[in-house]
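K.L.:
Pasting the sequence and the predicted model now:
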There are 2 protein chains.
Amino acid sequence: MLALRSVNGAVFSILDYGRHARSSSALYCKQSWAGNICRYSSTSLKINSDRLWKTIHHTAQWGDSKDGGVRRLTLTDEDKEVRGWLAENVKELGCTLKIDEVGTMFAIRPGSDNSLPPIAMGSHLDTQPAGGKFDGILGVLGGLEVLRVLKENSVKTRNPIAVVNWTNEEGARFNSGMLGSSVWAGEISMEKAYGLKDVDGKTFKGELERIGYLGTVGASHKKNALGAHIELHIEQGPVLEETGKAIGVVTGVQAMGWLYVTVNGRCQHCGTTPMDRRSDALLAASKMIAKINEMALDLEGMSTVGVINSEPSSPGTIPGKVRFSVDLEHLDNDSRALMVERTKKICSQIGELENCKIDIEDTWTSRGVRFNPLCIDTVREAAIALVGEDGYAELPAGAGHDSVNTSYHCPTSMIFIPSQNGISHHPAEWTNQDQCALGVQTLLDAVLKLDQKI
Amino acid sequence: MLALRSVNGAVFSILDYGRHARSSSALYCKQSWAGNICRYSSTSLKINSDRLWKTIHHTAQWGDSKDGGVRRLTLTDEDKEVRGWLAENVKELGCTLKIDEVGTMFAIRPGSDNSLPPIAMGSHLDTQPAGGKFDGILGVLGGLEVLRVLKENSVKTRNPIAVVNWTNEEGARFNSGMLGSSVWAGEISMEKAYGLKDVDGKTFKGELERIGYLGTVGASHKKNALGAHIELHIEQGPVLEETGKAIGVVTGVQAMGWLYVTVNGRCQHCGTTPMDRRSDALLAASKMIAKINEMALDLEGMSTVGVINSEPSSPGTIPGKVRFSVDLEHLDNDSRALMVERTKKICSQIGELENCKIDIEDTWTSRGVRFNPLCIDTVREAAIALVGEDGYAELPAGAGHDSVNTSYHCPTSMIFIPSQNGISHHPAEWTNQDQCALGVQTLLDAVLKLDQKI
């Protein structure tokens, strides 16, 4: 069971949180937010909920999928249009716009000490092929709303404040997720990024040039440093909604990765092969899947088998070959390594019992990170000031985000707001106006607090 | 564990049979057969192993798949050619050839009392799309070899003796297996059979007409009765080979059928959805598959999940929908009904535990049959005379055969011979010359014994 840290530092399970959330204070917190902009700002500055909401829907025209969602694959014409709109808007706010060598946009509002690297509010404007209006988008447009509030209130920060639109976070067109931030962090070489091709054979570099976003600023944390990175994002999961929490203070990103298990049995006639003379690849795989799940629960991690293929796929034939994916995630890198080891052991033991030969490929791993304590504390302070001690939860991010890459090189944390029914990467992805406004208010307040600390 | 009845009536498991088979008498039996025709015929008549073997390979030209197998779908040009060849050969032997309304061929060698319905040796000459040289074919060509031996030895039987080539046993082109014998037995109406279409929209009746096999003899056990039906067939399973038995005395055909289970869960992001807040359709399905297997072992039946499909099939997404097939088989009809009931209970219980909704379709059922005791005894006597008490096994057929349909209306049993590696419905399907010859000798001897009993 995934453990979440409560406000007072005790460890509650998700279920405990669920019970906790049914307290009156959680309800009070929700009621306080109904149909209005923030009444609980910890600063005197208030974001404009209606302007934010209009901006979200205005920009959804570029890639409007006509079913409530957005299809805005990176470096397409739709991406070019929303980038052009962003560039125009940040320039109107007096920002300097830098485009780096992989097309990531850095809109920088000067501070009083411009020798300092900027405090960034970053996320991405690209989407999945059948994506929603919020994933990534809210983090950039929320940052823009913060800049607008700073501008209209003539706020002078000490640090420069930036909005960052990272290139190709989704990895849906060029299959390498979090690409812009990975190059910036030195996790992937620029050459490798440039050479990536889409399904039509078009290269990443060629498409950057085509839409006019092959910039000249060094795509590197060394050449283009950030002082901090705060990312506002929808949760993409059900925890906040189901526990009645308005804000998630994100403590880190889980270690995650995929194994692919191939089970080789013997394809035989089901009516003529006695039960004790079989090498049934699907029976073996089924036992493995159930056991891997038990193991993940034991180690307080997460496991998911999302893909399974069986051959020859005939109702009268014992499956001779089954291949399935195993996603393993854990807050702790060592614990995830143990999960991988145990998964391999489970598969080999069950394979032996079921007379099947096993092959396991380790196809993808992403290290887990714990975010910067100062940043986490700052987001928590902002959240408590807005929604009270019972109105927020601390939780890890289960999906990869650009903040993983920034966290290697600058103080980083994230703010989550609820996703209706936990749905994401789908046109039905939804977070309401009040929830979005509260998230952006938290972002504004956290950035202003951080400006005083850094 | 599937129980087989031993010679002395005690019940041995398959494993017990395996131990049993390693006795010296089983070896002796095998050695006696090396590279020769039958030395142990219980009659003075001996089949011609070389002629049989040549006939098998000669007729494999019609539908030769060039990879060792045969592709001879029913009512195709290849089927027309092999039928024409059979018609010519049985006429040369002095047989009357009757073609019934669904194209089934009855080649009848007169006996001394032609008012009696014939003792038939029946099987089929059609194959699966990627079939072998033996499945079905051996039963017809073996019958032809028996007729040849009777003719060259001027044997006069009391009953007429027939070879039957049942139409469309495989059901591969017109998707209704054992079609000719089903119409004959009154299990399927002729109108329904006539209306069946292949993938190109051609009808069964139209194709019968096209190849010249729309006969006029009533396709009915009432209008065209049989006195008995003995079917020689390859086992299509591993039991005889692995237990070192040369002949299988088939006691009946298992009750069998298919369920399709649909598990409806909730499709969610795997990294953001805690383990205790999931409706994982594949995890639920995996637990069901393992439990159904345990249940089948408990009830001494057989279960196989051959098909599984999971949606949306992404390694990072919890499966929202899984559909899988369940083949359930048992020697006893009531026990199979109990297996179906327990399977439904298992699925609904696990579905509830895993927060998934279950739908179950009962798509196909075939009643089990126990063959006629006189016929079984006769085949057993012939087998013992040829290979001794340790050289044969009694076992059920796990696949459907035309003999299921004949058993409803005339005394029926079957003779099995080993399949190399248990492989069937594949170009690699193989049974060697000696094994085929021993099977046909058993068929000859059983038919002659039966002629004296009926």
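P.N.:
Thanks, I have the structure now. Given the structure is predicted, the values throughout are model-derived calculations rather than measurements. Numbering: from 1, shown residues only, chains lettered A, B, ... in the order given.
K.L.:
backbone phi and psi for A:Gly195, please?
P.N.:
Here is the backbone geometry of A:Gly195 (degrees, to the nearest 10): phi -80, psi -10.
K.L.:
gap between the closest residue to it other than its chain neighbours and A:Thr74?
P.N.:
Take A:Gly195 and drop its neighbours on the chain: the residue closest to it by CB to CB, 6 or more residues apart in numbering or on different chains is A:Thr203, 6.4 Å away. Placement of C-beta: from N, CA and C, glycine included. Distance check for A:Thr203 against A:Thr74: by CB to CB, to the nearest Å, it reads 13 Å.
K.L.:
what's the answer for A:Thr243, then?
P.N.:
34 Å.
K.L.:
correct me, but A:Ser181 touches A:Asn405?
P.N.:
Yes - counting by CB atoms under 8 Å, A:Ser181 touches A:Asn405, with 3.7 Å between them.
K.L.:
higher neighbour count, those two?
P.N.:
Neighbour count, other CB atoms under 10 Å in any protein chain shown: between A:Ser181 and A:Asn405, A:Ser181 has more, with 32 against 26.
K.L.:
Report the rounded mean pLDDT for the host helix or strand of the more buried one.
P.N.:
If you go by DSSP states H and E, A:Ser181 is part of helix A:179-184. The average pLDDT within helix A:179-184 is 97.
K.L.:
With stretch A:209-216 instead?
P.N.:
Here stretch A:209-216 scores 98 as its mean pLDDT.
K.L.:
can you give me the end-to-end distance of it?
P.N.:
One end of stretch A:209-216 sits 12 Å from the other (CA to CA, to the nearest Å).
K.L.:
So what touches that stretch?
P.N.:
A:75-77, A:79-80, A:83, A:98-105, A:167, A:205, A:208 (CB atoms under 8 Å, 6 or more residues apart in numbering or on different chains).
K.L.:
which among these end up buried?
P.N.:
A:75-76, A:79-80, A:83, A:98-105, A:167, A:205, A:208 (16 or more other CB atoms under 10 Å in any protein chain shown).
K.L.:
Please list which of those residues also come close to chain B.
P.N.:
The subset of the buried ones among the contacts of stretch A:209-216 within reach of chain B, counting by CB under 8 Å from any CB of the partner chain, is empty.
K.L.:
taking these one by one, which sit in strands?
P.N.:
If you go by DSSP state E, those have A:Lys98, A:Ile99, A:Met105 in strands.
K.L.:
Run through the residues that contact the last one.
P.N.:
It refers to A:Met105. Going by CB under 8 Å, 6+ apart, A:Met105 touches A:Arg83, A:Leu86, A:Ala87, A:Leu97, A:Lys98, A:Ile99, A:Val164, A:Asn165, A:Tyr213.
K.L.:
element containing A:Lys291, please.
P.N.:
helix A:281-298.
K.L.:
circling back to that earlier point, chain B: which of the buried ones among the contacts of stretch A:209-216 is nearest?
P.N.:
Ranked by distance to chain B (CB to the nearest CB), the buried ones among the contacts of stretch A:209-216 are led by A:Thr167 at 20.9 Å.
K.L.:
related to what we said a few turns ago, including pLDDT, could the ones in strands among the buried ones among the contacts of stretch A:209-216 go into TSV?
P.N.:
Shown next, in TSV, are these (pLDDT from 0 to 100):
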residue	pLDDT
A:Lys98	98
A:Ile99	98
A:Met105	98
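K.L.:
that older thread, of A:Thr203 and A:Thr74, which one has the most company?
P.N.:
Ranked by neighbour count (other CB under 10 Å), A:Thr203 and A:Thr74 place A:Thr74 first, with 28 against 17.
K.L.:
shouldn't that one be in contact with A:Gly177?
P.N.:
No - if you go by CB under 8 Å, A:Thr74 and A:Gly177 don't touch, sitting 10.5 Å apart.
K.L.:
Show me whatever sits in contact with both of those two.
P.N.:
The contact sets of A:Thr74 and A:Gly177 overlap at A:Asn168, A:Glu170 (CB under 8 Å, 6+ apart).
K.L.:
and the residue nearest the centre of chain A, how far is that from chain B?
P.N.:
With distances taken as CA atoms, centre = their mean, A:His401 lies nearest the centre of chain A, 3.9 Å away. For A:His401, the distance to chain B equals 10 Å [CB to the nearest CB, to the nearest Å].
K.L.:
Now do that residue against A:Val369, distance only.
P.N.:
In terms of CB to CB, A:His401 sits 10 Å off from A:Val369.
K.L.:
ditto for A:Thr431
P.N.:
For A:Thr431, the distance to A:Val369 - CB to CB - is 24 Å.
K.L.:
Strands of the stretch 201-350 of chain A, start to end?
P.N.:
Ranges of strands in the stretch 201-350 of chain A, per DSSP state E, counting those that start in this stretch, are A:228-234, A:247-253, A:255-264, A:268-269, A:302-304, A:308-311, A:317-318, A:321-330.
K.L.:
The first one pairs with which strands, and in what direction?
P.N.:
On the basis of DSSP bridges, the sheet neighbours of strand A:228-234 come out as strand A:119-123 (parallel), strand A:412-417 (parallel).
K.L.:
what's the closest non-adjacent residue to A:Met302?
P.N.:
Leaving out its chain neighbours, the residue that sits closest to A:Met302 by CB to CB, 6+ apart is A:Glu329, at 4.3 Å.
K.L.:
what's across from that neighbour in the sheet?
P.N.:
Residues in beta-bridge contact with A:Glu329 (DSSP bridges): A:Met256, A:Met302.
K.L.:
can you tell me which residues contact it?
P.N.:
Applying CB under 8 Å, 6+ apart, the residues near A:Glu329 are A:Gln254, A:Ala255, A:Met256, A:Gly301, A:Met302, A:Ser303, A:Arg336, A:Gly398, B:Cys270, B:Gly271.
K.L.:
tally of neighbours for A:Ala454?
P.N.:
No Ala there; residue A:454 is Ile. Neighbours around A:Ile454, by other CB under 10 Å: 17.
K.L.:
Does it touch A:Ala228 like I think?
P.N.:
Yes - the pair formed by A:Ile454 and A:Ala228 meets the contact definition of CB under 8 Å, at 6.1 Å.
K.L.:
okay, and the common contacts of those two?
P.N.:
Joint contacts of A:Ile454 and A:Ala228 (CB under 8 Å, 6+ apart) are A:Ile119, A:Pro411.
K.L.:
circling back: if the residue nearest to A:Gly195 is in a bridge, with which residues?
P.N.:
A:Lys197.
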